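Asker: When you get a sec, could you give me coordinates for this:
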Amino acid sequence: MDINISLILFQVVNFGVVLAALTYLIYKPVLKVFEERAKRIEEGQKAADDALLARTKIDEMKKDAKTKVAAERSELLKQAKSEAANVKEQLLTEAKTAAQTEIEKERAAWQAEQAASMQSARTDMIAAVVAVSERLIGNNLDTKKQHALIETELDTLGKTI
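Answerer: Numbers count the residues shown, from 1 in each chain. Just a heads-up that it's a prediction; the model follows:
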């Protein structure tokens with residue numbers, strides 16, 4: 001067994017050339033592909049995290065908007081109820097005032113009608129009493145005295161009733 005240095009040297013150079021060729025042609029491109037893939041994975045992860053964060057923010061904004069809308073709706077409902085109560089009170093007051101006015105008008109009309117009716121009844125009563133007294137007594141009393149006498153008696157009768 002002889003050791004041939006030139007063959008060993010040739011083998012070392014050959015190994016170095018193959019190693020350099022493999023490193024340059026395969027190893028570096030593979031590392032580059034791995035680095036690019038790692039970057040894409042990292043970017044994808046970062047984009048997913050950003051999307052998750054954005055979705056969380058959007059969900060929070062939705063909740064805040066819903067809460068705000070609910071509060072505004074509640075406030076508007078309170079205002080509407082308050083305004084409705086005010087309008088109701090105003091309408092009730094106006095209706096009561098109108099009813100009271102109508103009652104007063106009707107009461108005044110009734111009292112006027114009652115007074116006219118009493119005056120008519122009094123006049124009819126005087127005429128009847130004068131007619132009866134003329135038949136019974138004759139013409140001893142004049143008409144003015146008869147009317148005065150009847151008036152005083154009717155007043156007395158009206159006070160007792």
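Asker: Just the mean pLDDT for the helix or strand hosting residue 113, thanks.
Answerer: Assessed by DSSP states H and E, residue 113 sits inside helix 28-136. Across helix 28-136, the average pLDDT comes to 90.
Asker: what does stretch 12-20 give?
Answerer: In this model, stretch 12-20 has an average pLDDT of 95.
Asker: tell me what the next helix or strand after the helix holding residue 113 is packed against?
Answerer: As assigned by DSSP H and E, the chain's next helix or strand after helix 28-136 is helix 143-160. Under the contact criterion of 3 or more C-beta pairs under 8 Å, 6 or more residues apart in numbering; DSSP states H and E, helix 143-160 touches helix 28-136. The C-beta positions use only the backbone N, C-alpha and C, and glycine is treated the same way.
Asker: Give me the angle between the helix it packs on and helix 143-160.
Answerer: Put simply, helix 28-136 runs at 130 degrees to helix 143-160, going by axes from the mean of the first three to the mean of the last three C-alpha atoms, to 10 degrees.
Asker: Output the contacting helices and strands for helix 28-136.
Answerer: By 3+ C-beta pairs under 8 Å, 6+ apart, helix 28-136 packs against helix 143-160.
Asker: As CSV, could you dump the C-alpha coordinates of the helix it packs on?
Answerer: Output of helix 143-160 as CSV, limited to C-alpha atoms (Å, rounded to 0.1, in the frame of the first residue of the first chain):
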residue,chain,number,x,y,z
THR,A,143,-155.8,95.9,39.0
LYS,A,144,-152.7,97.5,40.6
LYS,A,145,-153.7,96.6,44.1
GLN,A,146,-154.4,93.0,43.0
HIS,A,147,-151.0,92.7,41.4
ALA,A,148,-149.2,94.0,44.4
LEU,A,149,-151.1,91.7,46.8
ILE,A,150,-150.5,88.7,44.5
GLU,A,151,-146.7,89.6,44.2
THR,A,152,-146.3,89.7,48.0
GLU,A,153,-148.1,86.4,48.4
LEU,A,154,-146.0,84.8,45.7
ASP,A,155,-142.8,86.1,47.2
THR,A,156,-143.8,84.7,50.6
LEU,A,157,-144.7,81.4,49.0
GLY,A,158,-141.3,81.3,47.1
LYS,A,159,-139.4,81.9,50.3
THR,A,160,-141.1,79.0,52.1
